[in-house]
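Asker: Here is a sequence together with a model predicted from it:
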Amino acid sequence: MSKSFWHKYADRYQSIRSLVCVGLDSDLTKLPDFVHSSPNPIWEFNRAIIDATHEYAGAYKPNLAFYLADGTRGLEALYLTVKHIPQEIPIILDCKVGDIGSTMAGYATAFFKDLAVDAITINPLMGKDVMAPLLEIEHSFAFALALTSNPSAQDFFHNAEMKQKLSQWINEFEPERLGAVVGATQTQDLALMRKLLPSQIFLIPGVGAQGGDLQAVLNNAIFSKDEPRILINSSRGIIFASKGKDFAAKAAEATKELYQACL
C-alpha cells in the first residue's frame, strides 16, 4: 500500500535528516547547450540531476509550467522524471491550481492518480471548495499558498486580515492533508506564520537565488528540532549551478552544501 506524503516526508527526514527540496524548474531555455541535442532535453537534464542529487534530497518539486512550455515532449519528460525519482523520496508538483468542483477533481485525478505525485501546491483563494475534491483521493496532500516569496506578495498576503483568514482556513484541515507555502524572503513573518500554523509542514521557497535567509528560516519556521516540519526549496541555485558538462556534479555539490547548512 502506498504511503501518504506526510509519512513519506517523515520517513525520509528520519532516514537522512534532509530538509532540502530540489526544485526541478527545468526551463528549456536555461539548460546547458549540449543537452539540446538529446531527443528530450528536459528529461535528459532531469535524469542527470536526480542521479546526482538524490543522496541528499528530502523531496523533489517539478514546476508544471516548464514542462507544459515544451509541449508533449515536456509532458513526457515530466512523467519520466516522476517515475525516475526513487520511491522513498516524496514528489511535490508545483502547479498552484485552485479551482472547484469537477474542474478541481480533474486536476486531482490527473496529478495524484495518473501522474502519481505525492503532493501538489494549491491556490486557496476560492475557499474550502478547493480542498473538497482532494480529500476524496486517499493519501492526497496539498501545500496552500500562505505567504509567497515574490516581492508583490504584499498586494494580498501581507495584509494582516488575509494572513489571519488564510491561517484559519488551513487550520480547518488535518496537517496530514494540508501544509503551507511560506516564502523565505518574508523573514519578518516566519515566526508569525509558525505561530498561526503550529502543526503544518511548510514548503519554503526563496532560499538561494531569491536571497532568502536560511538561518532565519531555521530559527523561526521549524516545528521542533526533532521534527522540523519544513522543506527548504532551492531550484535555480541547485539545478543551474553550472551550465557546463559538470552541471550534474555542481548540482550535487550545491545540494550537499544546503543539506549540511540545514543540519
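Answerer: Yep, it's here.
Asker: Please, where are all the strands along the protein?
Answerer: 20-24, 59-62, 92-97, 119-122, 142-147, 178-182, 202-204, 230-234 (DSSP state E).
Asker: between these, which gets nearest to L80?
Answerer: Closest approach to L80 among the strands of the chain is made by strand 59-62 (10.9 Å; Cβ to Cβ). All C-beta atoms are positioned from the backbone trio N, CA, C, and that covers glycine.
Asker: picking up where we left off before, let's have the strands of the chain in a markdown table, adding distance to I170, mean pLDDT and mean neighbour count.
Answerer: Listed next are the strands of the chain as a markdown table, based on distance: least, Cβ to Cβ, whole Å; pLDDT from 0 to 100; neighbours: other Cβ atoms under 10 Å:
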| stretch | distance to I170 | mean pLDDT | mean neighbour count |
| --- | --- | --- | --- |
| strand 20-24 | 19 | 98 | 28 |
| strand 59-62 | 19 | 98 | 26 |
| strand 92-97 | 15 | 98 | 23 |
| strand 119-122 | 11 | 98 | 26 |
| strand 142-147 | 6 | 95 | 25 |
| strand 178-182 | 6 | 97 | 27 |
| strand 202-204 | 11 | 97 | 26 |
| strand 230-234 | 15 | 97 | 28 |
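Asker: For L263, find the nearest of those.
Answerer: strand 20-24 (10.6 Å).
Asker: Could you list the paired strands of that closest one along with their orientation?
Answerer: The partner list of strand 20-24 in its sheet, established with DSSP bridges, is strand 59-62 (parallel), strand 230-234 (parallel).
Asker: relative orientation of that strand and strand 92-97 in degrees?
Answerer: Between strand 20-24 and strand 92-97, the angle comes out at 60 degrees (axes from the mean of the first three to the mean of the last three Cα atoms, to 10 degrees).
Asker: neighbouring contacts of strand 20-24?
Answerer: 46, 49, 53, 56-63, 81, 92, 94, 203, 205, 231-236, 238-239, 251, 255, 258-259, 262 (Cβ atoms under 8 Å, 6 or more residues apart in numbering).
Asker: Give the residue spans of the protein that score low on pLDDT.
Answerer: 1, 208-210 (pLDDT under 70).
Asker: Show me which helix runs longest in it.
Answerer: helix 247-262 (DSSP state H).
Asker: Run the angle between that one and strand 230-234 for me.
Answerer: Using the same axes, to 10 degrees: helix 247-262 against strand 230-234 is 140 degrees.
Asker: TSV for the strands of the chain, including distance to P39?
Answerer: Listed next are the strands of the chain as TSV, based on distance: least, Cβ to Cβ, whole Å:
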stretch	distance to P39
strand 20-24	19
strand 59-62	19
strand 92-97	24
strand 119-122	28
strand 142-147	33
strand 178-182	34
strand 202-204	32
strand 230-234	28
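Asker: Of those strands, which is nearest K3?
Answerer: strand 119-122 (11.9 Å).
Asker: Using PDB, write out every CA atom in that closest one.
Answerer: Provided in PDB are the C-alpha atoms of strand 119-122 (Å, rounded to 0.1, in the frame of the first residue of the first chain):
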ATOM      1  CA  ALA A 119       1.600  16.400  -3.200                       C
ATOM      2  CA  ILE A 120       0.600  19.500  -5.100                       C
ATOM      3  CA  THR A 121       0.600  23.200  -4.500                       C
ATOM      4  CA  ILE A 122      -2.800  25.000  -4.500                       C
END
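Asker: What are the buried residues along the longest helix of the chain?
Answerer: 247-248, 250-259, 262 (16 or more other Cβ atoms under 10 Å).
Asker: Could you do stretch 126-137 as well?
Answerer: 130-131, 133-134.
Asker: helices or strands up against the longest helix of the chain?
Answerer: Helix 247-262 makes packing contacts with strand 20-24, helix 41-53, helix 214-220, strand 230-234, helix 236-239 when contacts are defined by 3 or more Cβ pairs under 8 Å, 6 or more residues apart in numbering; DSSP states H and E.
Asker: Helix 247-262 and the second one, what's the angle between them?
Answerer: It refers to helix 41-53. 50 degrees.
Asker: residues in contact with helix 41-53?
Answerer: So helix 41-53 is contacted by 22, 24, 26, 28, 31-32, 35, 38, 60, 62, 66-67, 70, 73-74, 76-77, 80-81, 84-85, 238-239, 247-249, 251-252, 255 (Cβ under 8 Å, 6+ apart).
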